[in-house]
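Peer 1: Quick check, what structure comes out for this input:
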Amino acid sequence: MAARILHRLRHALAGEGGREEPAGGGGEAEDCPESSELEDDTEGLSTRLSGTLSFTSHEEEEEEEGDGASEELEEPPQAPGAAAGTEDGGRCWGGDLLTRQLQELWRRSRGSLAPQRLLFEVTSASVVSERSSKYVLYTIYLIRSGQFDKAPATIARRYSDFEQLNRRLRCRFSCDMASVAFPRKRLRRNFTAETIAKRSRAFEQFLSHLHSIDEIRRSPEFLEFFFLPDLQAAQRLTCTGMYREALATWANAYRLQDRLGVCNSGRFLLTLAGLAVCHQELDQLSEAHGCCEQALQLLEAQGSHPLLGPFLQAHVHLAWKVGKDKRHSEARLQDLREAGLPLQQQPSLKECLIKEPLE
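Peer 2: Numbers count the residues shown, from 1 in each chain. Below you'll find the model as predicted:
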């Protein structure tokens, strides 16, 4: 590919210079095969272009700093009198410095101005063999564009899970789903590398298309496809006392809901309850206290909620343990008592998790 680029540059430069024939005067072909070495022509091209040929990646170009900005940066508009040879006695009032400052400002603001999208990337696919079935399990990362996630949100789904989602959405959103493609079933060769690779790309495009449609993106069918299995698994692990495993699953469910933008729903409050309980059982009291605080901020504007009393009681207890201020929560509890809420009969956060039906 690089050889072809050099070949085109050679032709363009030869055209500008009057199409000079190569030394030797022969009619040698100008064709440059892909196997040609780059170093033969790089130095000559650099000289004629009065610059430097750079084959660094885009990420490396963004990290370069110094006197010269990357050639791909747009040239900012030049201020009046900044160019050399101005009418004002030829004086320059710091044009080079201003240019570098504008370029640096543009470089920093470029990431913040770009709209963020949610990307779906199949990172791996494995063939799973069970007693009565064999299937491919696809691992998918949910990534915000322009950001690096130290702990990405992940799901693992098989073809039948995608097929069920497709069927449910077509029943409810027949018009919107008319233009959405879905990979068809195959009678054989389902486990070949070619089929798995094609389906991986198809599932990425399928989820991206669904997420681009407002009504579908907010629908329970679409949202629960991502985080409901994790909530159910975390609930089972918490009920059986496997708090460390449950904590990891609750945390992934938290990240999934955060990426999908549903951090004010009842399921998200239940997720915070699960995190608080597991942190407390693992003697991570500061983390448990932080989960309760986040939940109470979401419940601040609500006069009543089934989880409000349990969260307030847990927050008061944890705040006393870690030495944090608990007066606001105690005042809210007093308001609930005066309103006639029997706090003594309120279940704990752990009891709420066990009793909550997740279907």
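
Peer 1: Start from the N-terminal end of this protein and give the helices.
Peer 2: Assigned helices in the chain, in chain order: 2-16, 39-49, 58-63, 95-113, 159-172, 193-211, 214-217, 220-239, 243-260, 266-281, 285-298, 308-322, 327-338, 349-355 (criterion: DSSP state H).

Peer 1: Quickly compare those helices and say which is most buried.
Peer 2: Mean neighbour count (mean count of other CB atoms under 10 Å) peaks for helix 266-281 among those, with a mean of 23. C-betas here are computed from N, CA, C, even on glycine.

Peer 1: Which elements pack onto that helix?
Peer 2: If you count contacts as 3 or more CB pairs under 8 Å, 6 or more residues apart in numbering; DSSP states H and E, helix 266-281 packs onto helix 220-239, helix 243-260, helix 285-298, helix 308-322, helix 349-355.

Peer 1: who wins for proximity to Gln147 among the helices of the chain?
Peer 2: helix 95-113 (8.9 Å; CB to CB).

Peer 1: tell me the mean pLDDT over that closest one?
Peer 2: Helix 95-113 comes out with an average pLDDT of 56.

Peer 1: now do stretch 167-181
Peer 2: 94.

Peer 1: Low-confidence bits of the chain, can you list those?
Peer 2: 1-116, 303 (pLDDT under 70).

Peer 1: and it, what are its domains?
Peer 2: For the chain, automatic domain parsing gives the domain ranges 117-217, 243-359.

Peer 1: Let me have the ones you listed in a markdown table, adding distance to Leu231 as columns.
Peer 2: Formatted as a markdown table, these follow (distance: least, CB to CB, whole Å):
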| stretch | distance to Leu231 |
| --- | --- |
| domain 117-217 | 12 |
| domain 243-359 | 5 |
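
Peer 1: how many other residues sit next to Ala181?
Peer 2: Ala181 has 11 neighbours, counted by other CB atoms under 10 Å.

Peer 1: cool, the one 10 residues further on as well?
Peer 2: Here the count is done by other CB under 10 Å, and Phe191 has 14 residues near it.

Peer 1: and the closest residue to it other than its chain neighbours, what does it touch?
Peer 2: The spatial neighbour of Phe191 that comes closest, neighbours along the chain excluded (CB to CB, 6 or more residues apart in numbering), is Val127 at 5.5 Å. Applying CB atoms under 8 Å, 6 or more residues apart in numbering, we find Val127 in contact with Lys134, Tyr135, Val136, Leu137, Phe191.

Peer 1: The helices of the chain: which one's closest to Thr123?
Peer 2: Comparing the helices of the chain by CB to CB, helix 193-211 comes nearest, at 9.1 Å.

Peer 1: and that closest one with helix 159-172, angle?
Peer 2: Interaxial angle, helix 193-211 versus helix 159-172 (axes from the mean of the first three to the mean of the last three CA atoms, to 10 degrees): 30 degrees.

Peer 1: wait, doesn't Leu312 sit right on Ala331?
Peer 2: No. Using CB atoms under 8 Å, Leu312 is not in contact with Ala331; the gap is 9.8 Å.

Peer 1: hmm, who's touching stretch 265-284?
Peer 2: The contact list for stretch 265-284 (CB under 8 Å, 6+ apart) reads 227-228, 231, 234-235, 238, 243-244, 246-247, 250-251, 253-254, 257, 262, 285, 287-288, 291-292, 294-295, 298-299, 305, 307, 310-311, 314, 318, 349-350, 352-353, 356.

Peer 1: 7 Å instead, please
Peer 2: By CB atoms under 7 Å, 6 or more residues apart in numbering, the surrounding residues in contact with stretch 265-284 are 231, 234, 238, 243-244, 246-247, 250-251, 253-254, 257, 262, 287-288, 291-292, 294-295, 298, 307, 314, 349-350, 352-353, 356.
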